[in-house]
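# Sequence first, then the predicted structure, then my questions.
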Amino acid sequence: MSTNAVETRIPRNVGPRSDTGHADHGPSITIATSIRADRYRIFQVLTVAEYIETWLTLPDQSGDWPLIVTSDPNSFRIDWQCRQKVGLSIAGSFRTFRRSKLLFTWTKQGMNESGNSLVSIRLHGDFERTKLSLTHSGLGSLVERSWHHEMWNRSLHKLSHLF
């Protein structure tokens, strides 16, 4: 189990780059947490559909309506079943860089639809503890930033307690 709290900040965008050093893709959220597991195990939990279903937690998600995650080597789809129909879908494609960085597109359809956005996850550490840093950029509205902020906080908290 992780003993560190999830840290959150919403960076100011300055010019073509934000203060995080990432290219500016619009308003973003940044969250970091420390997880008591090696980088390889965390990478697997972040990229394998069956594992994603165990830690990803949407705002207002109840246990009665599960997430269904499907993936192939370069893309994923997350469906939230609600009352016998798909209430929300999130789809994207991703690239990995040496099991320490994931970069993926994120398109949410359904409740409070949003345009395309970009998620970057970096893993720092090797053996007993890994720091996970997540930046989700291109979230145009305050409603979308709030929704994604809550989702990522809940999800990373649950992820850190899997180990």
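Yep, that arrived.
# For the chain, name the helix or strand with the lowest mean pLDDT.
Every helix and strand of the chain was ranked by mean pLDDT, DSSP states H and E. The lowest is strand 13-14, at a mean of 36.
# by contact count, what packs against the longest strand along the chain?
Counting by DSSP state E, the longest strand found in the chain is strand 85-97. Applying 3 or more Cβ pairs under 8 Å, 6 or more residues apart in numbering; DSSP states H and E, one finds that strand 85-97 contacts helix 39-47, strand 75-82, strand 101-110. Where you see a C-beta, it was placed from the backbone N, CA and C, and this is true even at glycine.
# Other residues contacting stretch 38-57?
For stretch 38-57, contacts defined as Cβ atoms under 8 Å, 6 or more residues apart in numbering pick out 35, 66-71, 76, 78, 94, 96, 99-100, 102, 121, 123-128, 130, 132, 151, 154-155, 158-159, 162-163.
# mind listing which of the residues you listed are in strands?
Counting by DSSP E, the part of those found in strands is 35, 67-71, 76, 78, 94, 96, 102, 121, 123-124, 130, 132.
# Give the partner strands of the stretch of helix or strand residue 29 belongs to in its sheet and their orientations.
Here residue 29 sits within strand 28-35, counting by DSSP states H and E. According to DSSP bridges, strand 28-35 forms sheet pairs with strand 7-9 (antiparallel), strand 130-137 (antiparallel).
# weakest of these by average pLDDT?
Among these, strand 7-9 carries the lowest mean pLDDT, at a mean of 49.
# sorry, back to before: so which of the helices and strands packed on strand 85-97 is nearest residue 139?
strand 101-110 (9.2 Å; Cβ to Cβ).
# Report the mean per-residue pLDDT for the closest one.
89.
# avg pLDDT for the longest helix that the chain contains?
Criterion DSSP state H: the longest helix present in the chain is helix 142-160. Throughout helix 142-160, pLDDT has a mean value of 94.
# report the angle between the axes of that helix and helix 39-47?
Inter-element angle recorded for helix 142-160 and helix 39-47: 130 degrees (by axes from the mean of the first three to the mean of the last three Cα atoms, to 10 degrees).
# May I have the distance across stretch 136-144, first residue to last?
One end of stretch 136-144 sits 11 Å from the other (Cα to Cα, to the nearest Å).
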